[in-house]
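# how would this look folded up:
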Amino acid sequence: MNTQLSQISRHRKVVTAGVLTAAALLAGAGVASAAGPVTGTGTGSGAHGVPAATVIHFAHGATAASVKGTVGPGEDDRYVFDAKAGQTASFHLARSTSAQTWTLVGPSGPAVHDAHSSRQSDFTYRLPETGRYYVDIVSTRPSSYRLDLSIPASTKPVKPTKPAKPSTGTEPGNGGGVHGDLPVVAEATKIDFPAGRTSASVTAKVGPQDRAAYTFEAKAGQRARIQLDGSSTGTFALIAPDGTPLHTTKSRNQSDVTVTLPTSGLYRIDVQDAVHTGAQQLTLSIPRR
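I've put the predicted structure just below:
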């Protein structure tokens, strides 16, 4: 019990009211009123389990909110927020080390910002669809952070702003920026198993500016084994039908992962390599129940 309490203490996150006010934000989009201190237990993703999510609440009439916490190797702090298509979200991450990165996944995936983006401190993105968005914060070293999220009520494009606080100068990609330099995700190819088989393999050429995307149908409770063979710098992300990231490109295990699938529907796998360009073989196995 003491160990569990210690773990919760290390991951305590505090949600604070936004400092900007405007007309009621996201009316009808499902965002609750401001909350007091909340706790979360980032339990890691992929082979380490799906992390618990903390909802980012906006105070009534506010257009910004902040969360803060700590995260270490093998751990994953996840936040979720609801927004409408056309709104512009601005993120500012103040982090204690450049080893800390974050991922943004939309309601239907794939990731629109990930660990390989040069803009880890400030990022502005025009949200393409209405629904729940997921922010995962990870680090290869023990670290602390503060994430500021601003979403003006208007769906008209806005110019990105520089961070309110000066940068420490240690983070890559300082300064504001608008989405536009991320690798292009190819149209997804569906993986079908041959008759009588429970596994299938596909091969694609990926690199710093090229990804490969695959989808597959599965039922809730099935266990999917994903094996990636190729360059040692190859990584993949697994996205559930509702957009929930089940495995990210920052998860420790990128070569052989087994995940219990939470819902029935169409899953998506994005394969990439931020360092080398070459072939990656993906093998998907889903034993019959």
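# which sections of the stretch 1-150 of the chain are below the confidence cut-off?
1-51, 109-110 (pLDDT under 70).
# What are the boundaries of the helices in it?
Applying DSSP state H, counting those that start in this stretch to the stretch 1-150 of the chain gives helices spanning 2-10.
# If you count neighbours, what's buried in stretch 237-250?
Of all the residues in stretch 237-250, those buried under the rule 16 or more other Cβ atoms under 10 Å are 237-241, 243-250. Placement of C-beta: from N, CA and C, glycine included.
# Repeat that for stretch 127-144.
Buried-residue list, stretch 127-144, by 16+ other Cβ under 10 Å: 127, 130-140, 143.
# which two in the buried residues of stretch 237-250 are spaced the farthest apart?
Spanning the widest gap among the buried residues of stretch 237-250 are Pro241 and Lys250, at 21.9 Å by Cβ to Cβ.
# rewinding a little: grab the two from the buried residues of stretch 127-144 that are most spread out in space.
The largest separation in these, counting by Cβ to Cβ, is between Thr130 and Thr140 at 34.1 Å.
# ends of stretch 273-284, how far apart?
Length of stretch 273-284, first residue to last, Cα to Cα, to the nearest Å: 18 Å.
# neighbouring contacts of it?
By Cβ atoms under 8 Å, 6 or more residues apart in numbering, the residues outside stretch 273-284 that reach it are 115-116, 191, 199-208, 210, 212, 214, 216, 224-231, 233-236, 249, 269, 271.
# Would you list the buried entries among the residues you listed?
If we count by 16+ other Cβ under 10 Å, the contacts of stretch 273-284 have these buried: 115-116, 191, 200, 204, 206-207, 210, 212, 214, 216, 224, 226-228, 230-231, 234-236, 249, 269, 271.
# any idea how far Arg223 lies from Ala83?
According to Cβ to Cβ, to the nearest Å, Arg223 stands 33 Å off from Ala83.
# quick one: which of these two has more around it?
More neighbours surround Ala83 than the other of Arg223 and Ala83, with 24 against 13 (other Cβ atoms under 10 Å).
# How about that one: which residues does it bridge to?
Beta-bridge partners for Ala83, by DSSP bridges, are Gly131.
# Could you number the chain from 472 rather than 1 from now on?
All set: I'll call the first residue 472, so the last point we hit is now Ala554.
# Isn't it up against Tyr604?
Yes - using Cβ atoms under 8 Å, Ala554 is in contact with Tyr604, at 6.1 Å.
# Without its sequence neighbours, what residue ends up closest to Pro623?
Nearest-residue entry for Pro623: Thr534, 5.3 Å, with adjacent residues in sequence omitted and distances by Cβ to Cβ, 6 or more residues apart in numbering.
# what about that neighbour, how many residues close to it?
For Thr534, using other Cβ under 10 Å, the count is 23.
# Just the pLDDT for Gly749.
With respect to pLDDT, Gly749 scores 92.
# What is the burial count for it?
So Gly749, with other Cβ under 10 Å, has 13 neighbours.
# Over to Gly692?
11.
# And Asp663, by the same measure?
By other Cβ under 10 Å, neighbour count at Asp663 equals 10.
# Show me where the stretch 522-671 of the chain has its strands.
With DSSP state E, counting those that start in this stretch as the criterion, the stretch 522-671 of the chain has strands at 524-526, 535-542, 547-554, 559-566, 571-576, 582-584, 593-597, 602-610, 614-621, 655-656, 660-661, 670-677.
# returning to that earlier point: wait, isn't the residue nearest to Pro623 in contact with Leu620?
No - if you go by Cβ under 8 Å, Thr534 and Leu620 don't touch, sitting 9.5 Å apart.
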